[in-house]
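*Asks:* just the structure for this:
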Amino acid sequence: MHDWQYFFNHDRTNLNQGTYRIFEPEWKAKILHWFSRKDVDKEQKEDFIQALIDFDDVCGDFYRYRAYFLAAEALSQFPECSLGDAIVEQLLKWSYAYFRQDKLDWQILPKPLVKTARKTLELTDRKRVIAAFVHLVHTTESRSILRVAAEELGTLDPGNKSAIAALTLLTSVVENKQTFCQINQNPGEIAVGDETAIATLSKTLVTSQSDFKRLQAAKSLLQVESSNQIAINVLFKLVKNLGQSPKHPDDAQYIADGAARILSQIDPSNQLIINALVELIRAAHDHSYLNLAVKDLGHFGAGNEAAIATLIELIASTKDDYLLCDAVASLGKIDPGNKIAIPALLERIQTSQDECFLSEAAFYLG
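*Replies:* Down below sits the predicted model:
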């Protein structure tokens, strides 16, 4: 299925004739997967993004915001989107008042909108968000804005030298505004040694109450010290914490998946890492990020009996056609010639009426 209107075909004159799968939670993972597909034209993806950000619900903007946030999340799968900068800029305007340069636009925004926009910043194209905060750190003349921007940048990209330099600057005594501006325009010139960065990240791992911050700190610390055992232990703990946050299951899934993916990159053959991926899959059958864990297992679980058994069990039990495709593909990689995968896929093809799935399944069979 290449036509995005399969997911979203808006008809303002007759809403009953439209298709609005973009607002159905069970379709979110499928839509994001569609944006990641290499066989879908870039123009189709661009048109879909444009339709999402231009959506007019004639319903107090409730659905308009939801469509916009979906477009923002899609950037994580389609980072080359030409509308990416504008989308991230809008998220930042909803999240933080100081990104609205025109003071006439400094209206008070509803708290749910601000909260959701900030959460979406964690799920969209991270490079664009980091670049926006770096630019603000380098250009603002306000110490209060500098502090907030540096702290947010440190959360999104622990170890970021612009953030550390800004925080170092704030702890120093600056006698006049001119000196402050000159230093702030060139934060990279402030000497920040690796030991300072390691100490900052290590402190975050130990003291932070936010699993998201600990995840990002562990990731950055491992980039400096690839064998740092404290960071590795934290990542294993974050994977095991999956299922212990019933109030925020999506957050727990996002964090556990991120931790498992980092661990997989450290040592693909490590049995504990493979076990972490298996545990992640067994504990998260109903979450969007499960697809990513299944794909990771296909890269790192070659010949592993627990990994093979987990995928076979998933193939037999899942009702999600797209998850079935990913599980079949991963099983084919780690256990070539397995007699379970192809028959399971053929059986589902014979009963499915989903054109998008049929196209995907044919690709995997090929």
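
*Asks:* for my notes, confirm Ala166 occurs in a helix.
*Replies:* Yes: Ala166: assigned to a helix according to DSSP: H, G, I helix; E, B strand; the rest coil.

*Asks:* gap between it and Thr139?
*Replies:* Noted for Ala166: a distance of 12 Å to Thr139, by CB to CB, to the nearest Å. In short, each C-beta sits where N, CA and C put it, glycine included.

*Asks:* those two: who's more crowded?
*Replies:* Comparing Ala166 with Thr139 by other CB atoms under 10 Å, the one with more neighbours is Ala166, at 28 against 13.

*Asks:* okay, now the residue lying closest to that one once chain neighbours are set aside: neighbour count?
*Replies:* Closest residue to Ala166 apart from its sequence neighbours, by CB to CB, 6 or more residues apart in numbering: Ala150 at 3.8 Å. The local packing of Ala150 (other CB under 10 Å) involves 26 other residues.

*Asks:* same question, the one 3 residues further on
*Replies:* As a burial measure, the neighbour count of Leu153 was computed by other CB under 10 Å and equals 23.

*Asks:* any idea which helix or strand in this protein has the lowest mean pLDDT?
*Replies:* Here the helix or strand of the chain ranked lowest by mean pLDDT, DSSP states H and E is helix 177-185, holding a mean of 36.

*Asks:* biggest helix in this structure by residues?
*Replies:* helix 249-266 (DSSP state H).

*Asks:* tell me the buried residues in whichever strand or helix holds the residue nearest to Ala166?
*Replies:* Using DSSP states H and E, Ala150 maps to helix 143-156. For helix 143-156, burial by neighbour count (16 or more other CB atoms under 10 Å) applies to Ile145, Leu146, Arg147, Val148, Ala149, Ala150, Glu152, Leu153, Gly154, Thr155, Leu156.

*Asks:* what is it packed up against?
*Replies:* On a contact count with 3 or more CB pairs under 8 Å, 6 or more residues apart in numbering; DSSP states H and E, helix 143-156 meets helix 126-139, helix 161-170, helix 211-224.

*Asks:* could I get the ones you listed as a markdown table with distance to Cys81 and mean pLDDT?
*Replies:* Putting the helices and strands packed on helix 143-156 into a markdown table (distance: least, CB to CB, whole Å; pLDDT from 0 to 100) gives the following:
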| stretch | distance to Cys81 | mean pLDDT |
| --- | --- | --- |
| helix 126-139 | 10 | 86 |
| helix 161-170 | 25 | 68 |
| helix 211-224 | 24 | 79 |
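
*Asks:* which one of these lies nearest to Glu26?
*Replies:* Nearest to Glu26 among the helices and strands packed on helix 143-156 is helix 211-224; the distance by CB to CB comes to 25.0 Å.

*Asks:* low-confidence ranges in the chain?
*Replies:* 1-2, 10-18, 97-108, 142, 158-159, 167-197, 242-253, 268-269, 284-289, 356 (pLDDT under 70).

*Asks:* all set, thanks.
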